[in-house]
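S.K.: no FASTA, just this:
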């Protein structure tokens with residue numbers, strides 16, 4: 001049975017991603033900053049008959065929490081097949097570049113960028129033990145620098161000094177990691193789940209959580225001939241489903 005770890009998976013897209021992977025026969029470690037909320041999410045999934053899931057306390061901004069999660073997971077499995085870096089924060093809806101407090105920008109980067117790097121580095125050895133390891137970094141179409149500089153883009157006016165740059169940085173890290181692992185069985189990709197109705201955006205998005213999670217899962221279960229070092233986005237891309245960086 002293949003194994004997957006999902007960060008920030010106790011609700012919304014992360015929880016639905018867990019559900020869909022469970023339905024595909026994966027054993028899922030449901031990462032949650034708050035262990036009690038993770039336990040509640042697991043209980044919900046188990047009530048649906050999805051039993052191969054357990055919570056894992058994991059705060060991506062806390063090095064001690066990451067180390068403890070790695071130790072715990074290492075006692076449960078010798079290999080990890082999928083890592084989905086889903087945990088992320090918005091940092092508020094208005095982030096003018098000229099006045100957003102640097103402390104807020106640092107806070108957003110701490111979760112959206114540095115947290116991803118720290119978790120990836122902590123679990124890379126377990127992923128290397130898998131014959132077909134997959135890393136999916138959940139990003140946003142708002143992380144595309146190319147589209148942000150295109151006045152014809154439908155989200156051109158949606159600018160921000162913290163969230164958008166954090167996702168651009170995450171995309172850049174994805175490219176660097178994919179390059180380093182290019183001659184291995186790894187597939188490393190960034191996935192934009194789309195503008196989805198969740199607590200993250202006060203349910204303002206038009207997309208469904210189910211469709212958003214399906215985009216993430218698609219990259220998580222890529223076969224050996226699948227692409228790597230790509231930025232997948234159904235909302236903001238061409239017919240290929242690949243968005244410009």
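M.R.: Cool, the structure landed. Note that this is a predicted model, so its numbers are computed, not measured.

S.K.: that's a strand at residue 54, yeah?
M.R.: Yes. Read with DSSP: H, G, I helix; E, B strand; the rest coil, residue 54 is one of the residues of a strand.

S.K.: where in this structure is pLDDT low?
M.R.: 196-206, 235-239 (pLDDT under 70).

S.K.: which helices and strands does the longest helix seen in it pack with?
M.R.: Longest among the helix segments of the chain by residue count, using DSSP state H, is helix 163-180. With contacts taken as 3 or more C-beta pairs under 8 Å, 6 or more residues apart in numbering; DSSP states H and E, helix 163-180 sits against helix 102-109, helix 115-128, strand 134-138, strand 187-192. The C-beta positions use only the backbone N, C-alpha and C, and glycine is treated the same way.

S.K.: list the buried ones in the helix or strand that the third one is followed by?
M.R.: Sequence-wise, the next helix or strand beyond strand 134-138 is helix 145-148, with elements assigned using DSSP states H and E. Buried residues in helix 145-148, counting neighbours by 16 or more other C-beta atoms under 10 Å, are found at 147, 148.

S.K.: just to revisit the earlier point, format the helices and strands packed on helix 163-180 as a markdown table; extra columns: distance to residue 163.
M.R.: As requested, the helices and strands packed on helix 163-180 are exported to a markdown table (distance: least, C-beta to C-beta, whole Å):
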| stretch | distance to residue 163 |
| --- | --- |
| helix 102-109 | 6 |
| helix 115-128 | 14 |
| strand 134-138 | 13 |
| strand 187-192 | 13 |
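
S.K.: could I get these as a markdown table with mean neighbour count and distance to residue 152?
M.R.: Shown next, in a markdown table, are the helices and strands packed on helix 163-180 (neighbours: other C-beta atoms under 10 Å; distance: least, C-beta to C-beta, whole Å):
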| stretch | mean neighbour count | distance to residue 152 |
| --- | --- | --- |
| helix 102-109 | 15 | 27 |
| helix 115-128 | 19 | 31 |
| strand 134-138 | 27 | 26 |
| strand 187-192 | 26 | 19 |
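
S.K.: Go through the ones you listed and name the closest to residue 181.
M.R.: With distances scored as C-beta to C-beta, the stretch of these nearest to residue 181 is strand 187-192 (6.0 Å).

S.K.: Which strands border the closest one, and is each parallel or antiparallel?
M.R.: For strand 187-192, the paired strands and their directions (DSSP bridges) read strand 134-138 (parallel), strand 231-233 (parallel).

S.K.: Please enumerate residues in contact with the longest helix of the chain?
M.R.: Contacts with helix 163-180, where a contact means C-beta atoms under 8 Å, 6 or more residues apart in numbering, come from 90-91, 95, 105, 108-109, 112-113, 116-117, 120, 135, 137, 139-140, 142-145, 148, 158, 186, 188-190, 228-229, 231, 245.

S.K.: That helix versus strand 134-138: what angle between them?
M.R.: With axes from the mean of the first three to the mean of the last three C-alpha atoms, to 10 degrees as the criterion, the two stretches helix 163-180 and strand 134-138 enclose an angle of 170 degrees.

S.K.: quick check, distance from helix 163-180 to the centre of its chain.
M.R.: If you compare the mean C-alpha spot of helix 163-180 with that of the full chain, they lie 12 Å apart, counting by C-alpha atoms, centre = their mean, to the nearest Å.

S.K.: Right, I'll call it a day here.
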